[in-house]
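Undergrad: Below is the structure, and that's it, no one-letter string:
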């Protein structure tokens, strides 16, 4: 409880600085590039096009989804949320190392670094989802009430991956090998989480149940439920329960990691 109180107090005391640093992190990402902020759209667009071409053209998996939705729309509804998740898995793990000067020179509270990095990545994610909504509208699919739960899934994503960063970044600050290990697993998480394929189409029952325990699978499916399948989050209570259990676990690990390493981090950095 003392660790929780410390983290909450740090966020209250430095709330203004957290907002400014989130903005600075966002600006820093695209500083020096001639196209500037346009890269926030260009890079994901190129990635989406490559996967669409590989699956829809190369592998001829261009069938419609849920009756009338093109495969391209199904693809972007799941892969765009993944951009935030993958950024947080990698950048979240390395964020204390990246901002080591805040810890060693300014005595900035370590617990707030994962938060402002997560806010920065989430702002880009919100912008990309806005583009997705425009694309759906361009294909003739008007926004529905189900779009409202996009906010809910964004909130869950933010909570989970901020908790992940709180867990992983202190360990990453202590060991560069851990950072490299996490980054090496991102591709595996991507391919095993049902982002490019429908996890519900698996015929092996135990494997399907195992995938439902995957927080990344749950979140990507949730966004597709909002855009395409028209399923409310409360209609799948067991999956929500599994995710919430995973959320509690990742935050418990985050509190443990922060408590164990916070005093040693300035010396290591």
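TA: Structure received. Source: prediction; values computed, not measured.
Undergrad: Give me the next element, helix or strand, following the lengthiest helix in the chain.
TA: The single longest helix within the chain, with elements called by DSSP state H, is helix 71-98. Heading C-terminal from helix 71-98, the first helix or strand you meet, by DSSP states H and E, is helix 100-104.
Undergrad: And that next one, what does it pack against?
TA: helix 265-268 (3 or more Cβ pairs under 8 Å, 6 or more residues apart in numbering; DSSP states H and E). Where C-beta positions appear, they are placed from N, C-alpha and C, glycine not excepted.
Undergrad: Contacts for the helix it packs on, please.
TA: By Cβ atoms under 8 Å, 6 or more residues apart in numbering, the surrounding residues in contact with helix 265-268 are 96, 103-104, 110, 170, 173-174.
Undergrad: try it again with 10 Å
TA: 96-97, 100, 103-105, 107, 110, 169-170, 173-175, 258, 261 (Cβ atoms under 10 Å, 6 or more residues apart in numbering).
Undergrad: relative to helix 71-98, how tilted is the lowest-mean-pLDDT helix or strand in the chain?
TA: Lowest on mean pLDDT, DSSP states H and E among the helices and strands of the chain sits helix 39-52, with a mean of 74. Comparing the axes of helix 39-52 and helix 71-98 via axes from the mean of the first three to the mean of the last three Cα atoms, to 10 degrees yields an angle of 130 degrees.
Undergrad: Return the distance of helix 39-52 from the chain's centre.
TA: Put simply, helix 39-52 sits 17 Å off its chain's centre (Cα atoms, centre = their mean, to the nearest Å).
Undergrad: For it, buried residues please.
TA: Within helix 39-52, the residues scored as buried using 16 or more other Cβ atoms under 10 Å are 40, 44, 48, 51-52.
Undergrad: Residue 162: which of those is nearest?
TA: residue 40 (20.1 Å; Cβ to Cβ).
Undergrad: returning to that earlier point: min pLDDT across the contacts of helix 265-268, which one?
TA: Between the contacts of helix 265-268, the one the model trusts least by pLDDT is residue 107, at 77.
Undergrad: Tell me the secondary structure at the closest residue to residue 82 other than its chain neighbours.
TA: Take residue 82 and drop its neighbours on the chain: the residue closest to it by Cβ to Cβ, 6 or more residues apart in numbering is residue 195, 5.2 Å away. Here residue 195 is recorded as coil under DSSP: H, G, I helix; E, B strand; the rest coil.
Undergrad: Quick one: residues contacting residue 195.
TA: By Cβ under 10 Å, 6+ apart, the residues touching residue 195 are 51, 75, 78-79, 81-82, 85-86, 189, 216-217, 220-221, 224.
Undergrad: For it, report the pLDDT, please.
TA: 87.
Undergrad: for the one 5 residues further on, same thing?
TA: Per-residue confidence for residue 200 comes out at a pLDDT of 76.
Undergrad: what about it, how many neighbours?
TA: Look at residue 200: counted by other Cβ atoms under 10 Å, it has 12 neighbours.
Undergrad: Let me see the contact set for the residue nearest to it when sequence neighbours are not counted.
TA: Nearest residue to residue 200 in three dimensions, chain neighbours excluded: residue 208, at 7.1 Å (Cβ to Cβ, 6+ apart). The contact partners of residue 208, by Cβ under 10 Å, 6+ apart, come to 194, 199-202.
Undergrad: Next up, phi/psi of residue 263, please.
TA: With angles defined as degrees, to the nearest 10, residue 263 sits at phi -80, psi -20.
Undergrad: going forward can the numbers begin at 28, since that is how I track them
TA: Sure, I'll start numbering at 28, so the last one becomes residue 290.
Undergrad: and it, how far is that from residue 201?
TA: Computed with Cβ to Cβ, to the nearest Å, the distance linking residue 290 and residue 201 is 11 Å.
Undergrad: and those two? which has more neighbours close in?
TA: residue 201 (19 against 9).
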